[in-house]
Structure formats: structure tokens, C-alpha cells
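# What follows is a predicted protein model with its sequence.
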Amino acid sequence: MSIHNISTQGSYAANFQLKQQNWNKLFSALKAGDLATAQNAYAALGLPPIAKSNTSPMGRMYQALHSEDLVAAQKAALDMQPQNSSKAMSPTAPTSKSSTPSSVQSNAAAALVSASQTAQQSSLLKFMGLGNHVNTAA
């Protein structure tokens with residue numbers, strides 16, 4: 001392996017770690033109900049705009065953060081988690097930020113708190129096209 005390859009791998013690893021930290025900030029901000037921090041963390045990811053017609057969890061999260069709809073962003077984040085980690089407390093109320101009761105926000109936040117970091121990493125790796133493998137070794 002050449003020095004150039006080692007340097008490239010180090011840059012890739014550092015960039016990946018920064019992206020992972022930004023994803024963790026995004027999910028943590030959504031858990032805490034902090035819309036501004038979630039928007040900043042999403043912006044720091046450097047992802048391109050997503051069309052309104054994209055109904056994937058990422059598309060819905062982008063649209064929710066863009067329209068400042070915290071509950072819709074939390075629901076989209078829940079949908080990014082594996083099915084078994086979010087089905088127990090999935091919120092079902094409307095996504096309108098003015099008419100959503102705080103108990104729904106609390107349920108969404110509680111469900112996000114219960115989602116594991118491994119599930120977040122798995123979603124990130126899927127999104128980045130790197131598969132489902134998560135290195136759980138410290």
C-alpha cells in the first residue's frame with residue numbers, strides 16, 4: 001500500500017467520522033425537540049436538496065426541516081430506523097406543527113431516544129450506499 005493510499009484512507013475515515021457526528025447531532029436534536037440545531041446539523045451534512053415528490057424518509061425529513069415542521073421531521077427520523085426499534089411508540093397524530101399535542105412530540109422523542117446508535121449508523125451506511133454493516137467494536 002502506498003503512502004497516497006494511506007493518506008486517502010485517512011481522509012475518507014475522517015470525513016466519514018464527521019458525517020457520522022453530524023447525523024448523530026441531527027438525531028439528538030430531533031430527540032430533544034431542537035428544530036434549529038437539527039436544521040444546522042442537516043445543513044452540515046452537505047446533502048443536496050430533495051424534491052417534494054420524494055416520499056422516502058430522507059425526502060420527508062428534508063421537507064419537514066425545510067418547512068420547520070419538527071413533528072414531521074421526528075416521524076421521518078423514526079422511519080429511518082429499523083422497523084423493530086420504532087414500532088412500539090410510533091406517533092400517529094397529524095404533522096401540523098400548530099395542532100400537534102405535546103404528548104405526540106413526547107412520544108416521538110421517547111421513541112427516538114429508544115432507537116440505538118447502531119440503527120442510526122446502519123441507516124447512514126444504507127443512505128451512503130455502503131451496505132448494512134456497522135462496526136460495533138470500540
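Nice, thanks for sending it over. None of these values were measured; they are calculated from a predicted model. Residues are numbered from 1 along each chain as shown.

# show me where pLDDT drops low in the protein?
Regions of the chain meeting the criterion pLDDT under 70 cover residues 1-10, 83-138.

# Looking at this structure, which helix is longest?
Taking DSSP state H as the criterion, the chain has its longest helix at helix 3-32.

# which secondary structure elements does that one contact?
helix 35-44, helix 70-79, helix 102-114, helix 117-127 (3 or more Cβ pairs under 8 Å, 6 or more residues apart in numbering; DSSP states H and E). Using the backbone N, CA and C atoms, a C-beta is placed for each residue, glycine as well.

# Give me the angle between it and helix 70-79.
130 degrees (axes from the mean of the first three to the mean of the last three Cα atoms, to 10 degrees).

# Pull out the buried positions in helix 3-32.
For helix 3-32, the neighbour count (16 or more other Cβ atoms under 10 Å) marks 19-20, 22-23, 25-31 as buried.

# now do stretch 30-45
30-31, 33, 35, 38-39, 41-42.

# Which of those residues sits closest to Gly59?
Within the buried residues of stretch 30-45, the smallest distance to Gly59 is 12.6 Å, found for Tyr42 (Cβ to Cβ).
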